[in-house]
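1. any chance you can model this:
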Amino acid sequence: PESPIDLQSIIRSIVVGLKAVVWGIINYRQQTEKETPHDVATKDDNTPSIPRVTTFEREILEKYIENVFPCCEIFSLETDSKPQQGDVLTYFAASFAALDGFNLRCTMGKKIDILVETIIKDPKVMVIPR
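-> Below you'll find the model as predicted:
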């Protein structure tokens, strides 16, 4: 079996790597919108015809949210040298910083109960909504 330190390092690496993946998902369509002629890219002045995040991508983000909190519980184990839980949570929160309000509500909003339960268990998790 892996030691807690090894598991913490693996989880930190995954969260840091997924931050880049989530950023790519969020910003891919935004870049596509910039490259599309304006008269085709919008239905009217305020409603983009290309959604920033598709339903499938939101489902993937929801699964990420569901699974990251149980994985981060490994940081509560006592070890001599461990990556900082705060760093991992900050990277996780930063993954969602680029989401527009609608997609933030559709992903994190649906999982707010998990976030609240996790904050109650471990107040350090409060770094996410901040």
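2. okay, now the unreliable bits of this structure?
-> Residue ranges of the chain with pLDDT under 70: 1, 29-51, 78-83.
3. now the helices for it?
-> Counting by DSSP state H, the chain has these helices, from start to end: 4-35, 38-41, 55-72, 85-95, 101-107, 112-121.
4. pick the most buried one from these.
-> Counting by mean count of other C-beta atoms under 10 Å, helix 85-95 has the highest mean neighbour count of the helices of the chain, with a mean of 18. In short, each C-beta sits where N, CA and C put it, glycine included.
5. angles on the backbone of I128, please.
-> phi -70, psi -60 (degrees, to the nearest 10).
6. counting neighbours, what do you get for it?
-> By the criterion of other C-beta atoms under 10 Å, I128 has 19 neighbours.
7. nearest spatial neighbour of it, chain-adjacent residues omitted?
-> A93 (4.4 Å; C-beta to C-beta, 6 or more residues apart in numbering).
8. picking up where we left off before, reformat the helices of the chain as TSV; add distance to I128.
-> As requested, the helices of the chain are exported to TSV (distance: least, C-beta to C-beta, whole Å):
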stretch	distance to I128
helix 4-35	12
helix 38-41	33
helix 55-72	9
helix 85-95	4
helix 101-107	12
helix 112-121	6
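9. before we move on, the earlier item: the residue nearest to I128 contacts M126, doesn't it?
-> No: proximity of A93 to M126 does not meet the contact threshold set by C-beta atoms under 8 Å, at 10.3 Å.
10. which neighbours do the two share?
-> Residues touching both A93 and M126 by C-beta atoms under 8 Å, 6 or more residues apart in numbering: none at all.
11. if we can go back for a sec, which one of the helices of the chain lies closest to R130?
-> Nearest of those to R130, taken as C-beta to C-beta: helix 85-95 at 7.8 Å.
12. just the angle between that closest one and helix 4-35, please?
-> 20 degrees (axes from the mean of the first three to the mean of the last three C-alpha atoms, to 10 degrees).
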